[in-house]
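can you look at this prediction? I've put the sequence above it.
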Amino acid sequence: MTSSDHDTNTLAAIGPLVDAGFALHWLKARSKAPAGGDEWQDAPVADAETLRRSHFRGANLGVRLGEPSAVEGGYLYVIDLDIRIPDLADEAWEAFGKLFPGIDPVELPSVISGSGGESRHLYFIADRPFFGKKLAVSEGKHRRFDTQRQKEVWSYDWEIDLFGTSRQVAMPPSIHPDSRMPYRWEREFDLDALAFGCGPTISADVVESLGAAETATYAFEAREPLDFKPGQLEGDLEVLPVSYWDDRDQWIMIGQALHHQFGGSDEGFDLWAKYSGRSLKVDKDFRRANLRRWRGFGRNRRQPVTMGTVRQWAQDARARSLADEFDDLDDDLGADTVAADDGEGFDDLVGTPAPAAANNDDWDGGSLSEEETKLSWTSLFAINEDGKVTANLHNLRLIVENDARTRGVAAFNEFTQEIVQRGKPGSKRSRANAAKPTLQLEGASWVMRDKVNGDWWTEDKDNAIRAVIEAPKTQGGYGIKVPDRDLRAAIDIVGRKNCFHPVREYLSNLKWDRQKRVETLFVDYLGAPDDIYHRTVARIMMVAAVARVFEPGCKFDTAVILEGMQGKRKSTFISVLAKDWFAELDCDVTDTKAVVETLQGAWIVELNELGGFTKADVRHVKAFISRRSDKVRLAYAKRAQEYHRQAILIGSTNDDVYLKDSTGGRRFLPVRCDLEAEIDTERLTDNIDQLWAEALHIYRKMRSEQPKGTLPLYLADAEARETAERLQESRRVESTEDAMAGRIEEWLSKPIVNGNIEDDLDEHGQPVYRNETCLLQIWCECLGREEAQYTGMWPAALGRSMRMVPGWKESTRRPRFGKYGQQRAFEREGGLAKEIGIGAAT
């Protein structure tokens with residue numbers, strides 16, 4: 001593009017932009033800097049004629065953002081995505097999405113920088129003026145040449161800035177100072193739409209709520225010498241084994257590190273010479289032999305070595321020495337033992353063999369990786385400068401994970417989402433003839449009571465483990481002070497590597513005898529009719545319970561409701577179905593925290609006495625049934641967590657009618673208990689394992705036929721759906737809306753009366769009926785109410801009633817209804833409205 005073409009295009013661009021409210025000004029030729037110097041911020045906003053008169057050859061075009069650019073609907077702003085590494089464009093746009101989650105960037109006008117690449121200017125309008133700020137930066141940096149400072153600098157890979165009041169940017173068709181290429185619109189401003197206040201807007205509240213990004217200077221930008229306490233550096237050199245001084249490459253690296261630390265001074269050389277004397281391979285006349293090498297360390301080093309490397313070597317040496325110390329103690333004490341779980345109680349509680357016990361040989365908690373097992377686990381300790389075990393999370397995790405007394409004890413119950421005790425503590429043997437005993441984890445706190453679900457992890461267990469760890473080494477401890485926070489974190493980390501799910505274990509250990517029982521569950525035990533509805537409901541309920549265990553949060557938005565007289569043992573029936581994982585929902589279903597606490601550890605939850613719920617309660621319960629997860633921060637947690645539902649709901653009621661929501665009860669599947677006697681829960685107990693074994697078989701078969709997606713856990717059969725709708729409607733309590741619907745239907749079925757002698761006949765002598773009406777007309781003429789009373793809840797209630805009237809539907813038209821004015825109409829299905837002589841389309 002020639003200079004003349006650039007000037008022509010620039011002058012052509014200013015008119016529409018100025019008319020739209022853009023505060024334009026001139027920039028220096030091929031520059032981003034304002035032509036007017038520093039005074040540009042205080043200059044008045046120029047009109048198009050002033051800009052044309054002040055234009056000069058090659059001038060770039062800029063726009064002042066924020067308060068000066070008052071456009072229709074607010075003020076003009078720019079989001080600058082400065083993407084310096086094109087390969088990281090996706091990362092930058094992802095950060096944009098997190099800053100503005102409701103904003104689609106393709107809907108914002110966009111300018112491609114003349115520098116090319118992936119950088120963009122995104123324009124938007126907000127209804128208040130504000131200053132700019134840096135919104136986000138990349139985690140990584142790279143070195144680049146800064147043209148303004150004329151030197152190499154470290155820069156972020158990408159940055160996102162908000163340009164507001166007191167900022168300005170170059171606009172198309174300005175020429176970029178480095179590439180000599182023009183800025184160009186990727187998506188132009190729709191100035192016609194802007195004139196009508198339909199610009200690309202972002203709420204000022206959203207923008208002002210964003211914090212400023214934190215920036216920092218990274219350590220690698222300036223590798224400064226390390227800080228040492230008096231004698232600390234010498235201590236690091238002292239602890240290095242002789243092999244480091246004998247090995248030529250390592251000996252050279254130590255010299256390089258000392259040269260960097262002391263800047264090539266004689267002090268560093270003398271230390272190198274002193275400790276090199278530990279090796280017999282070093283020349284006796286060290287200075288003569290190595291001074292030239294010392295002075296050469298400062299030149300042409302591709303990978304400079306610092307004392308940080310030497311410090312790590314020293315710490316490794318201390319760690320090996322400490323591990324040897326623990327190994328020596330263990331040799332004196334004898335071999336440790338880890339308690340084996342005999343599985344006692346699992347057969348009684350679940351009725352199936354216990355899962356494999358954790359022991360010292362085959363425990364699968366994953367304490368050490370293959371590489372780590374080559375070393376003693378104590379060699380992995382983080383140690384301090386004195387070679388002592390540091391009291392930090394890393395070391396506590398190693399101890400809890402590998403010490404024979406704690407290994408395999410903590411586990412994570414995926415069903416209750418909690419850390420529990422599921423293993424017996426092992427033991428660490430005492431030294432022969434020792435004056436002091438070795439501390440163990442023993443006593444009533446560690447006696448296993450619930451081997452299926454695991455015992456609650458209580459504070460006394462934390463205290464006992466702390467006592468073991470803080471004990472002196474001579475008593476089997478580690479001699480470190482344990483922070484409460486780190487101990488809890490260590491137990492949590494280790495426990496989560498040893499996960500289990502009691503209900504999955506129960507189901508997976510069942511073996512089905514191939515006799516079908518699931519579909520006739522309600523027929524056999526509740527006396528329900530043997531039809532497609534009751535068979536299907538029993539099957540989807542049982543399979544949904546299995547699916548919720550193996551696929552937490554899977555879709556199942558219905559609840560079976562067991563009906564019948566009090567004393568039929570309906571609740572006992574539900575609890576037997578649930579095995580050891582039954583709960584009763586006795587909290588407010590809108591209290592998410594209480595709901596999650598109730599559902600934790602529950603497989604089947606009873607909604608007791610549904611008939612006692614109010615109309616509003618039933619609507620909340622319906623919404624509750626539909627939810628697949630609950631997000632909440634529990635009392636003991638620091639962060640909110642999403643809990644996916646692992647339970648199904650079964651309701652019970654003694655009432656014949658209990659659905660109080662006029663929208664129907666699709667989510668409730670009624671099953672009536674028609675037995676004269678009580679439910680035979682003893683027989684159910686005998687057969688429950690086989691029922692669940694069959695349900696698991698059905699679930700696996702369904703999932704094999706449909707490996708992905710939502711399983712069809714609903715009434716797919718038309719006959720079953722028809723039965724469900726009939727039963728649901730018969731259980732619905734008549735409401736005010738039902739009563740009004742009856743009156744309206746009767747009123748609409750009568751001929752129109754307008755006061756004439758032939759008011760009920762048309763031109764052929766036939767009665768005339770309404771084909772169209774509105775809610776206000778119904779309120780006044782049908783119900784006989786005053787128009788002034790048509791407020792509050794009544795319009796919505798009347799609308800629900802009208803939608804119940806058979807043969808009528810809501811229209812999209814809004815005709816006039818005489819004295820009632822223009823209203824939304826309801827019209828008779830199958831016919832057009834007729835005009836009759838009462839001043840309305842009826």
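Here it is on my side, so go on.

hey, let's count contacts and neighbours off CA atoms from now on
Will do.

hey, what's R816 bridged with?
Q822 (DSSP bridges).

quickly note the distance from it to I252.
Distance check for R816 against I252: by CA to CA, to the nearest Å, it reads 98 Å.

ranges for the helices of the stretch 151-300 of the chain?
191-195, 204-209, 232-239, 242-246, 248-262, 266-276, 286-296 (DSSP state H, counting those that start in this stretch).

for these, which one ends up most surrounded?
With neighbours taken as mean count of other CA atoms under 10 Å, these reach their highest mean count in helix 248-262, at a mean of 19.

next, the angle helix 266-276 makes with that helix.
When axes from the mean of the first three to the mean of the last three CA atoms, to 10 degrees is applied, the directions of helix 248-262 and helix 266-276 differ by 150 degrees.

on contacts alone, who are the packing partners of helix 248-262?
Other helices and strands packing on helix 248-262, by 3 or more CA pairs under 8 Å, 6 or more residues apart in numbering; DSSP states H and E, are helix 242-246, helix 266-276, helix 286-296, helix 307-333.

out of those helices, which is closest to D104?
Closest approach to D104 among those (CA to CA): helix 307-333, 47.0 Å.

so M448 sits against K424, correct?
Yes - in this structure, M448 is within contact of K424 by CA atoms under 8 Å, at 7.1 Å.

between the two, tell me which one has more neighbours.
K424 (23 against 18; other CA atoms under 10 Å).

need the three-state assignment for that one.
coil (DSSP: H, G, I helix; E, B strand; the rest coil).

and it, its phi and psi?
Main-chain torsions, K424, degrees, to the nearest 10: phi -80, psi 140.

one more: V560?
Dihedral angles (degrees, to the nearest 10) for V560: phi -70, psi 140.

so it versus S629, what's the distance?
20 Å.

so where's the stretch 651-800 of the chain uncertain?
Where the stretch 651-800 of the chain drops to pLDDT under 70, the residues are 661-664, 754-765.

try 90 this time
653-667, 674-677, 728-743, 746, 749-770, 784, 787, 792-793, 796-797, 800 (pLDDT under 90).

which parts of it are strands?
668-672, 772-773 (DSSP state E, counting those that start in this stretch).

reformat the ones you listed into TSV and put distance to R703 and mean neighbour count next to each item.
Shown next, in TSV, are the strands of the stretch 651-800 of the chain (distance: least, CA to CA, whole Å; neighbours: other CA atoms under 10 Å):
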stretch	distance to R703	mean neighbour count
strand 668-672	24	23
strand 772-773	51	24
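
nearest to E238, out of the ones you listed?
Using CA to CA, those put strand 668-672 closest to E238, at 77.7 Å.

which other helices and strands contact that closest one?
strand 559-563, helix 718-730.

tell me who's in contact with the spatially most central residue of the chain.
The structure's the chain has its C-alpha centroid closest to E642; by CA atoms, centre = their mean the separation is 7.0 Å. For E642, the contact set (CA atoms under 8 Å, 6 or more residues apart in numbering) comprises S629, D630, K631, V632.

let's verify the third one: helix, strand, or coil?
Three-state secondary structure (criterion: three-state DSSP) places K631 in strand.

count the residues that sit near it.
Neighbour tally, K631, other CA under 10 Å: 13.

check the last one too.
Residues lying near V632 (other CA under 10 Å) number 18.

relative to N413, how far out is the nearest residue to it once chain neighbours are set aside?
Leaving aside its sequence neighbours, V632 sits nearest to A640 (CA to CA, 6 or more residues apart in numbering; 5.0 Å). To N413, A640 is 19 Å away according to CA to CA.

ok, these two, which is more surrounded?
Neighbours per residue, other CA under 10 Å: of A640 and N413, the larger number sits with N413, 23 against 10.

who does the strand of greatest length in the chain pair up with?
What stands out as the longest strand in the chain, according to DSSP state E, is strand 74-83. Paired neighbours of strand 74-83 in the sheet (DSSP bridges): strand 66-71 (antiparallel), strand 120-126 (antiparallel), strand 158-163 (antiparallel).

got a list of what N395 touches?
F381, A382, V389.

helix or strand for it, which one?
In this structure, N395 sits in helix 393-402 according to DSSP states H and E.

in that helix, what's buried?
L393, N395, L396, R397, L398, I399, V400, E401, N402 (16 or more other CA atoms under 10 Å).

average pLDDT for it?
For helix 393-402, mean pLDDT is 95.

now the helix or strand following it: how far from the chain's centre is it?
Sequence order places strand 410-413 as the next helix or strand after helix 393-402, per DSSP H and E. Distance of strand 410-413 from its chain centroid, counting by CA atoms, centre = their mean, to the nearest Å, is 22 Å.

elements contacting strand 410-413?
strand 418-421, helix 484-496, strand 499-500.

good, we can wrap up now.
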